[in-house]
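Novice: Model the structure of this input:
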Amino acid sequence: MAITQRNEKYLDIGDVCERFGIARSTLYVWMKDPSFPPSVMIRKRRYFSELALARWEAERGGEDPDLPDRLHGLKPISGVISDYQGFVDAMVKRRSTMGISSMELDARSGMQEGYASKLENYGRPQGRGMGPDVFPLWLGGLKVGVVLVEIPRRPRRKKDQADVPQV
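Specialist: A predicted model of the protein is given here:
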């Protein structure tokens with residue numbers, strides 16, 4: 001059962017074993033290795049940061065996921081984004097870092113007034129998701145692009161995403 005805490009996803013022992021296709025005993029051996037990401041205890045259960053696991057997995061394969069030249073020399077401004085909420089969070093953080101309001105973002109991007117706020121609050125009644133016309137406007141207004149990178153793991157199962165409890 002995966003959980004989300006502070007905008008970061010955590011996987012329980014079963015999820016980690018399934019992700020790597022290993023037995024629990026193998027995971028316990030890996031946990032003794034100092035290079036393996038440490039776990040955190042949440043409600044008396046052990047969880048692992050999905051981002052830390054992805055980095056460990058990439059390093060183990062001889063790749064450093066944090067090298068800027070992996071992005072053609074462009075400065076990365078977020079970590080790995082694996083879902084829509086993570087994307088929205090990264091966009092809100094970028095706007096905040098730039099020191100602009102959502103109204104100013106609307107003006108810079110050419111979006112209708114108030115639309116950035118709706119995009120940032122998509123899960124609420126007044127919120128909206130984005131479509132093919134709005135996506136390039138939102139990215140352009142924040143001067144960012146989206147880069148796809150291969151993550152060496154299996155994709156999440158849809159049924160797991162529906163049961164994600166919030167901490």
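
Novice: pretty sure Lys9 is in a strand, no?
Specialist: Yes: assessed by DSSP: H, G, I helix; E, B strand; the rest coil, Lys9 belongs to a strand.

Novice: Met91: what's it in contact with?
Specialist: 119-120, 138, 142, 144 (CB atoms under 8 Å, 6 or more residues apart in numbering). No exception for glycine: its C-beta is placed from N, CA and C like everyone else's.

Novice: Relative to Cys17, how far out is the residue of the chain positioned farthest from its centre?
Specialist: Largest separation from the mean C-alpha position in the chain: Ser25, at 28.4 Å (CA atoms, centre = their mean). Distance of Ser25 to Cys17, given as CB to CB, to the nearest Å: 10 Å.

Novice: and if you look at Tyr115?
Specialist: According to CB to CB, Tyr115 stands 43 Å off from Cys17.

Novice: who has more neighbours, the two?
Specialist: Taking other CB atoms under 10 Å, Tyr115 and Cys17 do not tie; Tyr115 has more neighbours (20 against 16).

Novice: Go ahead and measure how far the longest helix seen in the chain is from the middle of the chain.
Specialist: Taking DSSP state H as the criterion, the chain has its longest helix at helix 84-98. Centroid separation between helix 84-98 and its chain, computed with CA atoms, centre = their mean, to the nearest Å, is 11 Å.

Novice: Same check on stretch 97-107?
Specialist: Using CA atoms, centre = their mean, the offset of stretch 97-107 from its chain centre is 22 Å.
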